[in-house]
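Peer 1: Dropping a prediction and its sequence here:
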Amino acid sequence: MIVIVDYGAGNLTSVLRAVSFLGFKSVISDRPEEILEADRIIFPGVGAAGSAMDGMKIRGIDAVMKKAFNSGTPMLGICVGCQIIMEKSEENDASCLGFIPGEVKAFSKKMRSDENMETEENFFLKVPHMGWNSLEIVQNHPLFNGIKKEDEFYFVHSYYPVPVKKEHIFGTTEYGINFASVIGYDNLFASQFHLEKSGEPGLLILKNFCVWEPC
Amino acid sequence: MLSKRIIPCLDVRNGRTTKGIKFKDNVEIGDPVEMARFYYEEGADELVFYDITASHEKRDIMIDVVKRVAETIFIPFSVGGGIRTLDDMHAVLLAGAEKVSVNSAAVKNPEIISRGAKAFGSQCVVLGMDVKYVGKKQGIDSGYEIVINGGRKFMGLDALSWAKKARDLGAGEICLNSIDADGTKDGYEMNLTRMISDNIDIPVIASGGAGTPAHLADVLKQGRASAALIASMVHYGTYTISEIKKYLDGHGVKIRKTF
């Protein structure tokens, strides 16, 4: 069974709908024993990493997530799920799960937007980073099977992960800066963009996850 | 680099779209779920549903539409029209909408923006603004005034200061509709769009006046909108989304290539 972890970080039904559209069964759960028994774990979420972590701690799920990760269960983080796997977040200095060394930083409005380059004016970056953006695959991964160079994905976020080690970065995206939009290692894969809202390419990665056997 | 979004808008009354779309073979379809699916497959980047059901009692019909849309299309979509309370917002989001847009209710009670942003996150809360040009005068420094009730009631509220206030209250995006341009097919209101977009640091969706792909290119480039709303130009089959996107791609607008 695929378990979609409910840690109070937003509406999880769209992920559930996408998974069932693909023909896989999943449940939304916040029960530690159910999460530990899962064949696969998806942890989506929106909002702030700090409050997402608080949501995990209150439910006693943070320890369960670590256990599941160490036991090799395939895990997929989406959006804020791609941030809480870092060590900490700049936002309120929140400490996170720490699966991947590095931290979560905020987009700065001082960053230059790469549009409107034809003028000399220095336009601020709109935050949140909202909309469709491309993905540059910097390291191959089984979950990218079938993904084409021109495929774009849907993003909504104001913070982004900054892994310390290059080997943890699988894809990058340009928005004011070049940031890591797909990270992971071993049985863990996480995308900053919303797989459940990214049309066909998003569904494809989700489907690849549902059959992924990490070595 | 972030793509500009092309967003078809569907008006829904009692569970049916008020204007059917004409497919190439001229079959008219008024089922919002089928229309959503059609635009999804055509390459729409997002969808907007506007519930114009008159009675509050019939809102459950819209919730059912939202649920059915969410089961078959996997791009973001927002729902607006008649959203008055936090419960209204919650019902729409729970049914599967990505975002909910508030308009008149927010003018009357701005707190709904901050309460909505706190409860569901800023990214869910879109401020819909209906704006009319009135010229600069006392209290309307920008020359643009907020109107409600389909453009009939002037609120004495300056469009730019209202946009700033809504942003501070936690709105994550603005859907900016020009009452003057709406329905004209003469192009978007460029001055208004650029003014709001240059002064507010959240994304702005331009709405009202789209008649040709060139209008979209103008508002996405010179108007600096993040997205453009379209309705009749695609509903009546005058253009397909692919045709619009091809035009934009050929005219220096970064779009998601779905053609």
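Peer 2: Yep, it's here. This one's a predicted model, so the numbers in the text were calculated from it and none came from an experiment. Numbers count the residues shown, from 1 in each chain, chains lettered A, B, ... in the order given.
Peer 1: Can you point out the buried residues in the strand or helix carrying residue B:92?
Peer 2: Residue B:92 belongs to helix B:86-95 when elements are defined using DSSP states H and E. Across helix B:86-95, burial judged by 16 or more other C-beta atoms under 10 Å in any protein chain shown covers B:88-89, B:91-93, B:95. Using the backbone N, CA and C atoms, a C-beta is placed for each residue, glycine as well.
Peer 1: quick one, what contacts residue 214?
Peer 2: Picking chain A for this. Applying C-beta atoms under 8 Å, 6 or more residues apart in numbering or on different chains, one finds that residue A:214 lies in contact with A:72, A:74, A:186-187.
Peer 1: meant chain B actually
Peer 2: Counting by C-beta under 8 Å, 6+ apart, residue B:214 makes contact with B:187, B:247, B:251.
Peer 1: And for residue B:102?
Peer 2: Counting by C-beta under 8 Å, 6+ apart, residue B:102 touches B:80, B:83, B:89, B:112-113, B:116, B:125-128.
Peer 1: and which of the contacts of residue B:214 is nearest chain A?
Peer 2: Using C-beta to the nearest C-beta, residue B:251 comes nearest to chain A of the contacts of residue B:214, at 12.9 Å.
Peer 1: Can you give me the distance of the closest one to residue A:21?
Peer 2: As defined by C-beta to C-beta, to the nearest Å, residue B:251 lies at a distance of 35 Å from residue A:21.
Peer 1: before we move on, the earlier item: so what touches the helix holding residue B:92?
Peer 2: With C-beta under 8 Å, 6+ apart, helix B:86-95 has contacts from A:11, A:13, B:59, B:62-64, B:66-67, B:70, B:79, B:82-83, B:100, B:102, B:112, B:115-116, B:119-120, B:124-125.
Peer 1: Can you flag which of these belong to helices?
Peer 2: The helices, defined by DSSP state H, take in A:13, B:59, B:62-64, B:66-67, B:70, B:112, B:115-116, B:119-120 from the contacts of helix B:86-95.
Peer 1: which among the contacts of helix B:86-95 end up buried?
Peer 2: Listed as buried from the contacts of helix B:86-95 are A:11, A:13, B:59, B:62-63, B:66-67, B:70, B:79, B:82-83, B:100, B:102, B:112, B:115-116, B:120, B:124-125; burial here means 16+ other C-beta under 10 Å.
Peer 1: Tell me the helices and strands packed up against the helix ranked longest in chain A.
Peer 2: Assignment by DSSP H gives helix A:199-210 as the longest helix of chain A. Packing contacts for helix A:199-210, counted by 3 or more C-beta pairs under 8 Å, 6 or more residues apart in numbering or on different chains; DSSP states H and E, involve helix A:13-21, strand A:40-43, strand A:152-157.
Peer 1: Swap in 7 Å and give it another go.
Peer 2: Helix A:199-210 sits against helix A:13-21, with contacts defined as 3 or more C-beta pairs under 7 Å, 6 or more residues apart in numbering or on different chains; DSSP states H and E.
Peer 1: all helices for the chain, in order.
Peer 2: This is for chain A. All helices of chain A, identified by DSSP H, fall at A:13-21, A:32-36, A:49-58, A:61-70, A:199-210.
Peer 1: Wait, chain B was what I had in mind.
Peer 2: Under the criterion DSSP H, chain B contains helices at B:32-42, B:59-72, B:86-95, B:104-108, B:111-120, B:159-169, B:190-199, B:213-221, B:232-235, B:241-250.
Peer 1: what sits against residue B:174?
Peer 2: The neighbours of residue B:174, taking C-beta atoms under 7 Å, 6 or more residues apart in numbering or on different chains as the test, are B:127, B:129, B:163, B:196, B:200, B:202, B:204-205.
Peer 1: if we look at chain A, which of the residues you listed are close to it?
Peer 2: When contact is defined as C-beta under 7 Å from any C-beta of the partner chain, the contacts of residue B:174 meet chain A at residue B:202.
Peer 1: Kindly reformat the contacts of residue B:174 as CSV containing neighbour count and pLDDT.
Peer 2: Compiled in CSV, those are given as follows (neighbours: other C-beta atoms under 10 Å in any protein chain shown; pLDDT from 0 to 100):
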residue, neighbour count, pLDDT
B:127, 27, 98
B:129, 28, 97
B:163, 26, 98
B:196, 27, 97
B:200, 20, 94
B:202, 23, 94
B:204, 27, 97
B:205, 26, 98
